[in-house]
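>>> Return atomic coordinates for the entry below.
(2 chains)
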There are 2 protein chains.
Amino acid sequence: MRAYILTIGDEILIGQVTDTNAAHMATALSNEGVDVVEHLSVSDTRPAILDGLERALAKSDLVLMTGGLGPTKDDITKAVLAEYFATELVFHEPTWERLQALVRRFGREPNESHRVQCFLPAAAEILTNKRGTAPGMLFRKGRKMVVSMPGVPYEMRYLVGREVLPRLRTLLDSDGEPKLRSVTILTAGAGESVIAEQIAEIEASLPETMSLAYLPNLGTVRLRLSIRGRDDEAMEAELRKYRTRIEAVIGGIVYGYGNQNLAGATGEMLLEYGLTLGTVESCTGGRVAQLLTSNPGSSGYFHGSVISYDNRVKRDLLGVATDTLAEHGAVSEATVREMVRGGLKQLGTDVVVATSGIAGPGGGTEEKPVGTIWVAVGNQERIEAKLLRAGKDRERNITYTAFQALNLVRKFVSSTFRAN
Amino acid sequence: MRAYILTIGDEILIGQVTDTNAAHMATALSNEGVDVVEHLSVSDTRPAILDGLERALAKSDLVLMTGGLGPTKDDITKAVLAEYFATELVFHEPTWERLQALVRRFGREPNESHRVQCFLPAAAEILTNKRGTAPGMLFRKGRKMVVSMPGVPYEMRYLVGREVLPRLRTLLDSDGEPKLRSVTILTAGAGESVIAEQIAEIEASLPETMSLAYLPNLGTVRLRLSIRGRDDEAMEAELRKYRTRIEAVIGGIVYGYGNQNLAGATGEMLLEYGLTLGTVESCTGGRVAQLLTSNPGSSGYFHGSVISYDNRVKRDLLGVATDTLAEHGAVSEATVREMVRGGLKQLGTDVVVATSGIAGPGGGTEEKPVGTIWVAVGNQERIEAKLLRAGKDRERNITYTAFQALNLVRKFVSSTFRAN
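Numbers count the residues shown, from 1 in each chain, chains lettered A, B, ... in the order given. Reported below is the predicted structural model:
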């Protein structure tokens, strides 16, 4: 099965928004083994939408569209779809009832624009959108399907997950085509080429129905192991077998599976051991804390941070010795170790991770060029420090360091507490 | 002039990367008054690239392509372009010299794959890429132009800014078509509809050659005022005139112009007054600090933070009274004011901003539902607090609160120090 992603909206074409919807849909489809042949973004006009739809249906069996379903005058996707599928707009009572309840929950009364949203193409299967006003619509043309969804990211995500993927799986199961199953192994701390070398033998021994993809990103590498076949149980068994073989070799760098993020996985490990974490950040400027706290429930293990951007804060709040700063500089192993000690004292957590480095673009010297970064992690018993040599790009350096810091926490906790 | 954005790469179609290049190019083109008619992403294969290129040239006068120019076997854009424009690949000496120097700077020796990168289409104008190995290429077909650039975002940005836009401006100037000039006014603290109401009269009085666009995003609204014409000076004068009129009405919410970000603009204001800032963050978990420190040079005004995610940190490190926490709760005006006081003492900065709220999805109560958030800003003399009522989405709530906090700093500094 081949799929097509069609996103509609002038806001994309003038660069006002980055089209994150397309990446989300592409990932969801790829995970089901469906190939996305193209992604096209067109403007909010009848000819552009019609032309895009024609191209999409000519090149694929499943078209996922987003955008152009809101109540404003620019949103004409619905009318164009009704025209294309030669169907009328009829008033859809269940949508009207849901919409009235939704609007009244916010203490307002439904108005004319809400009523207009309830006129929906008669030929479409209506997909209930529990996250917003505009429902999704599913059209069928022979064996082909077109799904239209609102462009608001979290509404679209809801519809993809709850309405589109279940139907897609049923369709894939029923058509007798081989299915795709995959498992994604998440790793941090080794580069793509190092991993490839270590598991070269396993990779060479994969059966023809299986494949392994490397998806690297700033110090983390996702390994997606996929299999095509018809027998669910046999496929699961094969995936388990090769996953176990891979982990026997690179187990130390595996931090999770599937869609987990490194901060969330690190947090779950802390929870498991009943440990609390604090961060003491200089060059990352709060990025480690922000990655941790973007996960719901992070207050269960993350207690706080001191961001010591200025040396005065390193000295007065964290107790880094004036001599240490003068002798070794703020970006040094000695300083980052004292930052951990200060954090343990001031934040009162079981574990503290610290960062200090030159993120750039300014601040580099001959001896310590931009990209020189120290990270350290420790508890009351033991502190480990690591020197990173990153690149010249500030934003990349900050994110890379934050990932390295999280991974250092993960390894420290694992080696310290797993043994017990 | 109409433009087309063509991005190449399977990594986009499987959702491995979000296509931020497209948004960057779209913004750059829109700012020059060039309409982007479509954006198409195709796979790394000869037929897909050829088909995309045909469509792009049929629909536009200028095609910006990215991707498929690296040294790996998947990267075939260059060969396809040479085929399409019926030209040969010839060895390009200046690129080879640049490449050798670049590789040696990293202590390595140029290899065969570097040499291969220097074979470039004879018909192309070579655009020097000072950020990486693969150069850009510009092809002309009658009055139409095709520009191919590497997909690495910061290389592409360099080429767009330094090589593509200057040529585009020359072309637009020479073709006698009306040009577009615009100014973007950045505001924070009022919604789109409130602003629209306040400047309705000015908007209605705009001459036909001018237009005003509202670009809202989480509590900030960018206002883009554009004019079409042929006389640069007259256009600039008109833009100045209406900008001044708009600012006479909404000046209080304007934080900057053009591509500035709120954190950077706030930082520049602090620098101007010689003030230092610290943040004390609970629900934002480091997001305010992270927004500030993502700007180079932020160490000139940002000194540090205490992230007091846990109440123990609020109490022990910031000195928030146990009674205050017990009586009013962590999410309260009293607590957030004491957080500012504790931050001023511990961080030693001139100004401190604090946040405490329920970001969700858990933690809400009848009295304080998810989205209840307090922010406060102050110095030794005065503290101001504000209650926000945000939505249910954790990530949006965190970002929204961070923007509100930065804007509160901006207003506080402005009202306290501008008067002097």
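>>> what helix or strand does the residue of chain A most remote from its centre sit in?
For chain A, the residue at maximal distance from the C-alpha centroid (C-alpha atoms, centre = their mean) is A:Asp323, at 42.9 Å. A:Asp323 is part of helix A:322-328, with elements assigned from DSSP states H and E.
>>> quick one: the next helix-or-strand element following that helix to helix B:333-347, angle?
For helix A:322-328, the following helix or strand on the C-terminal side (DSSP H and E) is helix A:333-347. Per axes from the mean of the first three to the mean of the last three C-alpha atoms, to 10 degrees, the angle that helix A:333-347 makes with helix B:333-347 is 150 degrees.
>>> Let me know the average pLDDT across helix A:333-347.
The average pLDDT for helix A:333-347 rounds to 98.
>>> Secondary structure class of A:Thr27, three-state.
Under DSSP: H, G, I helix; E, B strand; the rest coil, A:Thr27 falls in the helix class.
>>> hang on, it packs against B:Gly15?
Yes. Contact criterion C-beta atoms under 8 Å: A:Thr27 and B:Gly15 qualify, at 3.1 Å. (Glycine included, C-beta is placed from N, CA and C.)
>>> ok, now how distant is A:Leu292 from A:Glu327?
Distance of A:Leu292 to A:Glu327, computed by C-beta to C-beta, to the nearest Å: 32 Å.
>>> Which single residue of the stretch 101-250 of chain A ends up nearest chain B?
Closest residue of the stretch 101-250 of chain A to chain B, C-beta to the nearest C-beta: A:Leu215 (5.4 Å).
>>> Could you give the bridge partners of that residue?
A:Arg222 (DSSP bridges).
>>> Let me see the contact set for it.
Residues counted as contacts of A:Leu215 (C-beta atoms under 8 Å, 6 or more residues apart in numbering or on different chains) are A:Val221, A:Arg222, A:Leu223, A:Arg224, B:Gln16.
>>> Would you reformat these as a markdown table and include neighbour count?
Formatted as a markdown table, the contacts of A:Leu215 follow (neighbours: other C-beta atoms under 10 Å in any protein chain shown):
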| residue | neighbour count |
| --- | --- |
| A:Val221 | 23 |
| A:Arg222 | 19 |
| A:Leu223 | 23 |
| A:Arg224 | 17 |
| B:Gln16 | 19 |
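>>> Tell me the one of those nearest A:Gln260?
A:Arg222 (10.1 Å; C-beta to C-beta).
>>> And the closest one, how close does it get to A:Thr133?
Counting by C-beta to C-beta, the gap from A:Arg222 to A:Thr133 is 36 Å.
>>> same check, this time on A:His39
As judged by C-beta to C-beta, A:His39 and A:Thr133 stand 26 Å apart.
>>> Those two: who's more crowded?
Taking neighbours as other C-beta atoms under 10 Å in any protein chain shown, A:His39 and A:Thr133 compare with A:His39 leading, 28 against 21.
>>> beta partners for the more buried one?
In beta-bridge terms (that is, DSSP bridges), A:His39 pairs with A:Ile5, B:Ser41.
>>> my guess is it meets A:Ala22, correct?
Yes. Between A:His39 and A:Ala22 there is a contact under C-beta under 8 Å: 5.0 Å.
>>> hey, what's in contact with both of the two?
With C-beta under 8 Å, 6+ apart, A:His39 and A:Ala22 have common neighbours A:Ile5, A:Thr7, B:Ile12, B:Asp19, B:Ser41.
>>> which two in the residues you listed are spaced the farthest apart?
Of all pairs in the shared contacts of A:His39 and A:Ala22, the most separated under C-beta to C-beta is A:Thr7 and B:Ile12 at 12.6 Å.
>>> Mutual contacts of the two, please.
Residues touching both A:Thr7 and B:Ile12 (C-beta under 8 Å, 6+ apart): A:Ala22, A:His39.
>>> From chain B, how far out is A:Arg410?
From A:Arg410 across to chain B, the span is 19 Å (C-beta to the nearest C-beta, to the nearest Å).
>>> close enough to count as contact, that residue and A:Leu186?
No. Judged on C-beta under 8 Å, A:Arg410 makes no contact with A:Leu186 at a distance of 11.0 Å.
>>> if we can go back for a sec, can you pull out the residues in contact with the helix holding A:Asp323?
Helix A:322-328 has contacts (C-beta under 8 Å, 6+ apart) with A:Asn311, A:Lys314, A:Arg315, A:Ser332, A:Ala334, A:Thr335, A:Glu338.
>>> Repeat the analysis, applying 6 Å as the threshold.
A:Asn311, A:Ala334, A:Thr335, A:Glu338 (C-beta atoms under 6 Å, 6 or more residues apart in numbering or on different chains).
>>> In contact with the residue nearest to the last one when sequence neighbours are not counted, which residues?
Distances taken as C-beta to C-beta, 6 or more residues apart in numbering or on different chains place A:Val320 nearest to A:Glu338, at 4.4 Å, with adjacent residues excluded. Taking C-beta under 6 Å, 6+ apart as the definition of contact, the neighbours of A:Val320 are A:Lys314, A:Thr335, A:Glu338.
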